[in-house]
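*Asks:* Mind folding the following:
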Amino acid sequence: MLAVAFMMGLLFIQPVQFADTPVMAAYLCLIALIFVWINLVVDLLYFAVDPWLRIERRVGAH
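*Replies:* Below you'll find the model as predicted:
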């Protein structure tokens with residue numbers, strides 16, 4: 001996993017050195033998409049794990 005993170009870093013450093021704007025933009029969009037996806041998964045897991053959220057949802061529905 002660490003090797004993948006290292007390669008992703010190199011994937012961004014090389015285009016910066018050569019001013020390859022489309023590659024930098026695609027990389028930043030990929031990182032933003034991963035960030036949003038991870039946040040969505042954490043939010044869904046938080047709802048599944050926290051019983052207070054389920055109780056509040058039932059009470060608020062009536």
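*Asks:* worst-scoring helix or strand of the chain, pLDDT-wise?
*Replies:* Comparing every helix and strand of the chain by mean pLDDT, DSSP states H and E singles out helix 51-61 as the least confident one, with a mean of 66.
*Asks:* Burial check on residue 17, number of neighbours?
*Replies:* The number of residues packed near residue 17 is 7, by other Cβ atoms under 10 Å. To be clear about C-beta, it is placed using only N, CA and C from the backbone, and glycine gets the same treatment.
*Asks:* what do you get for residue 51?
*Replies:* Residues near residue 51, counting by other Cβ under 10 Å: 8.
*Asks:* Next one: the most centrally placed residue in the chain from residue 42, what distance?
*Replies:* In the chain, the C-alpha nearest the mean C-alpha coordinate belongs to residue 35, at 1.6 Å (Cα atoms, centre = their mean). Taking Cβ to Cβ, to the nearest Å as the measure, residue 35 and residue 42 are separated by 11 Å.
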